[in-house]
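# starting from these lines, generate the structure:
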Amino acid sequence: MLDSTSTGLNASDGLTAVRSTAGHKKPGLPRCESWHLAASRMDALVSEKGSGEEADMMKVLSTTDGAVNLQRLKQVCARAGIQWGKDARLTEVFEAVDRAIEAGGAQCSPQDFYQMCSSNLLLLKEICESRLVIPDFEGFCHKLSYLHNKVLPNKSGANADYIAVLRDAESERFGVAVCTVDGQRWETGETNDYFTIQSTSKPITYAMAVTERGRDFTHSYVGQEPSGRPFNDHGLMLDGSNRPYNPMVNQGALMTAGVVASGHRGKAPRAIVQHIMDTWAKLCGNVGEVKYGQVCFESEKEDAHNNWALSWILAGKRGLPDCGAGAPEVEEMLDTYLGCCSIEVTCAMMSVAAATLANGGKCPITGVQVFSPEVVKMTLTLMATCGMYDGAGRFLFETGLPAKSGVSGVVMTVIPNVMGLATFSPRLDANGNSVRGVAFNQALVDMFTFHQFDNLSSLGSGKVDPRLSEVNHRSHRLRMIQWGIQSGDKHAKEFFAALRRIVSLVAVIDGEVVPGEVEMCCNVLHKVLGVSVGKKAMHDECEAALKEGVHGLDELIPVLQKLGGSMDEVQAEITLESMFCVAAADGAVTSQEREAMQELGAQLGLPPYVVDMKLTDLQAELKVEVEQAGLSIRASSKNGQVETVLEEDGDEA
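Okay, here's the model as predicted:
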């Protein structure tokens with residue numbers, strides 16, 4: 001689905017003409033004659049050039065007299081998700097531009113601009129021309145905000161109660177942060193609160209073990225198989241080679257901590273943990289201070305009876321890692337492991353660390369190669385199969401993404417070659433995973449083509465690929481449909497006939513034929529599909545439906561079912577938006593109409609999240625456009641139904 005700023009369909013067309021008259025009146029509505037609500041943005045849909053198409057950098061930044069507007073550069077960066085002053089790749093550019101603006105030079109010549117920004121002109125060009133991995137980052141973030149708000153009311157689960165610091169943590173907090181492989185960043189909620197990383201330390205400790213001690217040495221002490229048992233199972237889980245099954249269970253994490261410690265003989269565990277913290281700082285792009293939770297460490301060690309026992313049995317069974325300088329002592333290994341769990345970061349920092357993994361080990365905002373792509377490949381594979389405790393299989397089945405959770409409430413998710421995602425919400429499910437974190441990841445994959453097998457899905461899935469320019473894709477698809485109608489393509493003509501039938505039925509869903517809604521049907525067909533339908537012909541179709549006693553919704557469902565899988569996602573969304581345009585032609589959408597459109601959206605094959613968000617966006621646009629026209633919006637309740645009502649300032653409804 002498309003963001004409200006780029007679809008081309010709008011909740012207003014000719015809204016300035018809205019005024020009291022002797023026109024149609026819904027129950028509780030004032031009379032108004034604007035039957036053009038919801039059509040103006042159709043024009044942008046069928047234009048030759050969408051707003052998301054690539055533009056030359058200087059055209060984006062230049063004023064009418066050819067000067068470069070430096071404030072506009074800051075605005076363009078903000079829209080693209082590049083945080084001004086917080087991206088190491090552009091430090092020199094930020095400083096030079098800020099100095100120029102402070103000196104009163106909000107504009108400069110192209111030559112001065114090139115010189116000022118010479119340290120990274122290529123990146124600036126990518127930003128200005130919308131060539132980053134998520135071209136429409138504003139629209140993408142709008143959808144993420146919607147998902148955050150949908151998941152926020154979920155209050156199920158409970159804090160981990162076996163560690164005092166976690167038990168007493170504020171459970172209402174919910175933060176979501178994103179960082180793409182191009183350094184585009186967004187966050188909402190409690191994203192700057194520090195928390196202990198707990199088990200999200202495990203994949204990084206494993207990656208450090210492989211990097212520092214080698215793949216073969218590391219894998220001689222820890223396996224790669226899912227255990228099928230809880231991560232903190234009291235029993236010793238060893239494979240046929242007396243190794244812990246994988247690095248994501250406690251036994252395996254203890255052993256990988258021992259592998260890292262084996263390369264730092266003579267150092268105290270706290271010094272080894274500091275070395276690991278330094279790696280975390282690189283992963284996080286130094287966007288915040290990596291801290292150490294001494295209180296958490298002491299609390300965990302005091303109650304670490306099971307981990308003590310496991311450590312001693314590991315030493316007795318396989319033996320602790322020895323790379324030639326002697327194996328670490330049991331307590332050294334345990335303290336290193338518990339110290340890793342006690343590292344503290346924020347949700348915003350964790351998203352950058354996840355993005356570093358998504359970017360093949362190179363931090364997207366510093367350019368530092370922290371891990372090799374080969375090490376990252378191994379790490380992500382283990383995160384995918386073992387990262388979400390004993391809910392790992394279900395999580396992978398639902399999302400198709402590598403992720404790692406921690407009992408503090410953090411979930412770190414990696415979308416390879418796209419972005420890193422971090423969520424933080426302390427309440428956990430029965431598997432020890434954050435309830436909201438899991439729910440957000442599932443909602444994310446429901447909306448976007450991020451599941452690793454989404455490339456097998458049909459185009460009619462209703463999911464969005466944010467890596468593509470939606471405006472360009474949609475405009476191109478509509479032009480193809482228009483061409484097909486004009487050229488006699490069977491499927492294009494069937495779509496036109498279906499859309500014509502659909503909008504006419506929506507127009508009579510409230511049991512009457514209204515001239516303005518008939519006119520909107522004609523406008524939709526003309527502006528979207530380029531086909532002119534006479535008002536009389538459209539009116540006659542609506543009248544015929546009423547005379548036949550056909551209830552609009554009952555008739556619409558078989559129409560949509562008949563289309564089956566022949567609609568692609570653009571056709572499905574255009575159909576939904578066209579229905580909204582007709583329903584909103586009088587300036588209001590009743591709860592009955594919204595429920596009907598939600599049901600019809602499901603028949604179109606659009607996921608519930610997509611339908612609900614699209615309708616929410618369109619209704620929000622309708623409200624804004626009406627208010628801008630000098631009208632007021634009030635809530636009215638009639639027969640248990642709540643509806644949006646237009647009321648001219650000073651008039652009675």
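# contacting residues for the residue most central in space within the chain?
The chain has L144 as the residue nearest its centroid, 4.2 Å off, counting by C-alpha atoms, centre = their mean. If you count contacts by C-beta atoms under 8 Å, 6 or more residues apart in numbering, L144 has them with 176, 178, 186, 188, 444. Every residue, glycine included, has its C-beta placed from N, CA and C.
# once you drop chain neighbours, what's closest to the second one?
In this case it means V178. In space, V178 comes closest to W186 once its chain neighbours are excluded; the distance is 4.9 Å by C-beta to C-beta, 6 or more residues apart in numbering.
# separation between the one you found and A78?
11 Å (C-beta to C-beta, to the nearest Å).
# with M388 instead?
Taken as C-beta to C-beta, the span from M388 to A78 is 34 Å.
# and V176, which of the three is it?
strand (DSSP: H, G, I helix; E, B strand; the rest coil).
# next up, the contacts around it.
Neighbours of V176 in contact, by C-beta under 8 Å, 6+ apart: 144, 147-148, 187-189, 191, 347, 421-424, 440.
# how far away is it from A422?
From V176 over to A422 (counting by C-beta to C-beta), the distance is 7 Å.
# need the residues touching each of the two.
C347.
# next SSE after the helix or strand containing the residue nearest to V178?
Following DSSP states H and E, one finds W186 within strand 185-189. Note on strand 185-189: by DSSP H and E, the next helix or strand toward the C-terminus is strand 194-196.
# tell me how far that next one lies from the chain's centre.
23 Å (C-alpha atoms, centre = their mean, to the nearest Å).
# and stretch 298-311, by the same measure?
On C-alpha atoms, centre = their mean, the centre of stretch 298-311 falls 38 Å from that of its chain.
# skip the chain neighbours and tell me the closest residue to S262.
P321 (4.2 Å).
# quick one: low-confidence ranges for this structure?
Residue ranges of the chain with pLDDT under 70: 1-55, 228-240, 324-325, 457-462, 469-473, 549-553, 556, 561-567, 625-653.
# which strands and helices sit next to the longest helix along it?
Determined from DSSP state H, the single longest helix within the chain is helix 608-628. For helix 608-628, the elements it packs on are helix 137-151, helix 435-447, helix 569-583, helix 591-603, strand 631-638, strand 641-648, judged by 3 or more C-beta pairs under 8 Å, 6 or more residues apart in numbering; DSSP states H and E.
# just want the angle from the fourth one to helix 608-628.
Our comparison of helix 591-603 with helix 608-628, counting by axes from the mean of the first three to the mean of the last three C-alpha atoms, to 10 degrees, yields an angle of 140 degrees.
# can you pull the domain assignment for this protein?
If you go by automatic domain parsing, the domain ranges for the chain are 15-48+471-589, 57-128, 143-450.
# dump these into TSV; add distance to P608 as well.
Below are those laid out as TSV (distance: least, C-beta to C-beta, whole Å):
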stretch	distance to P608
domain 15-48+471-589	12
domain 57-128	27
domain 143-450	8
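# out of these, which is the most enclosed?
domain 143-450 (a mean of 21; mean count of other C-beta atoms under 10 Å).
# can you name the residues that contact G534?
G534 neighbours (C-beta under 8 Å, 6+ apart): C522.
# for Q598, find the nearest of the domains of the chain.
Evaluated over the domains of the chain, closeness to Q598 peaks at domain 15-48+471-589, with 9.5 Å, by C-beta to C-beta.
# and the helices in the stretch 201-350 of the chain?
Taking DSSP state H, counting those that start in this stretch, the helices of the stretch 201-350 of the chain run over residues 201-213, 215-219, 250-262, 269-283, 294-302, 305-317, 330-341, 347-358.
# with distance to V611 added, can I get the ones you listed in CSV?
Formatted as CSV, these follow (distance: least, C-beta to C-beta, whole Å):
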stretch, distance to V611
helix 201-213, 36
helix 215-219, 47
helix 250-262, 42
helix 269-283, 38
helix 294-302, 43
helix 305-317, 48
helix 330-341, 42
helix 347-358, 28
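# wait, which of those is closest to W84?
Closest among the helices of the stretch 201-350 of the chain, once you apply C-beta to C-beta, is helix 347-358, at 15.5 Å.
# coming back round to it: in CSV: the helices and strands packed on helix 608-628, plus distance to G339.
Below are those laid out as CSV (distance: least, C-beta to C-beta, whole Å):
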stretch, distance to G339
helix 137-151, 32
helix 435-447, 24
helix 569-583, 49
helix 591-603, 50
strand 631-638, 55
strand 641-648, 55
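# out of the ones you listed, nearest to G214?
Using C-beta to C-beta, the nearest of the helices and strands packed on helix 608-628 to G214 is helix 435-447, at 32.8 Å.
# helices or strands up against the next helix-or-strand element following that closest one?
As assigned by DSSP H and E, the chain's next helix or strand after helix 435-447 is helix 470-487. On a contact count with 3+ C-beta pairs under 8 Å, 6+ apart, helix 470-487 meets helix 42-45, helix 490-507, helix 515-529, helix 569-583.
# ok, now with 10 Å
For helix 470-487, the packing partners by 3 or more C-beta pairs under 10 Å, 6 or more residues apart in numbering; DSSP states H and E come out as helix 42-45, helix 137-151, helix 490-507, helix 515-529, helix 569-583.
# and the angle from that helix to helix 137-151?
100 degrees.
# thought G587 was touching L622?
Yes: checked against C-beta atoms under 10 Å, the pair G587 and L622 is within contact range at 7.3 Å.
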